[in-house]
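Chemist: Here is my input; please provide its structure:
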Amino acid sequence: MSIFTHVTVGTNDLNKAREFYDHVLGKLGYSRLTDLGENGSIWGKDKPSFFVLKPANGQPATVGNGVTVSFEAPGRQAVDDFHATALSQGGKCEGEPGPRGWAENAYASYARDPDGNKLAVYCFAAE
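Modeler: Sure thing, here's the model as predicted:
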């Protein structure tokens, strides 16, 4: 069982966010499950897991310093594909794909989405 029901990040440009996450999360096997009109969208596999929303208070979306949303990848190639796709869709590199020494077989990459939200993708399968 997962510890979270879902994770939400904010956006100031919903159309750009939808395009970015459709491409990037598609590399991990996730798809957009529903749109919430002009308020946001939800991605997942078999249930809603990741929300991108305009802030409910009407203020601009901002990022949290020290906050990272990390996705599980089905394999190392998906980590590489996620990172390349994030950059091609307007994201910024925060860490090239490669081994991470803090856990056995940890292989990851980091990027920021167009709104500046920090994303990671990890695979723990042996090479």
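Chemist: who's in contact with the residue lying closest to residue 115 once chain neighbours are set aside?
Modeler: For residue 115, ignoring the flanking residues on the chain, the nearest one in space by Cβ to Cβ, 6 or more residues apart in numbering is residue 11 at 5.0 Å. Yep, even glycine has a C-beta here, placed from its N, CA and C like the rest. Under the criterion of Cβ atoms under 8 Å, 6 or more residues apart in numbering, the neighbours of residue 11 are 17, 40, 52-54, 61, 115.
Chemist: quick one: which of these is most hemmed in?
Modeler: Looking at the contacts of residue 11 with neighbours defined as other Cβ atoms under 10 Å, the largest count falls to residue 52 at 25 neighbours.
Chemist: ok, that one to residue 104 distance?
Modeler: Per Cβ to Cβ, to the nearest Å, residue 52 is found 32 Å from residue 104.
Chemist: picking up where we left off before, can you tell me which of the contacts of residue 11 comes closest to residue 30?
Modeler: Nearest to residue 30 among these: residue 52, at 12.0 Å, using Cβ to Cβ.
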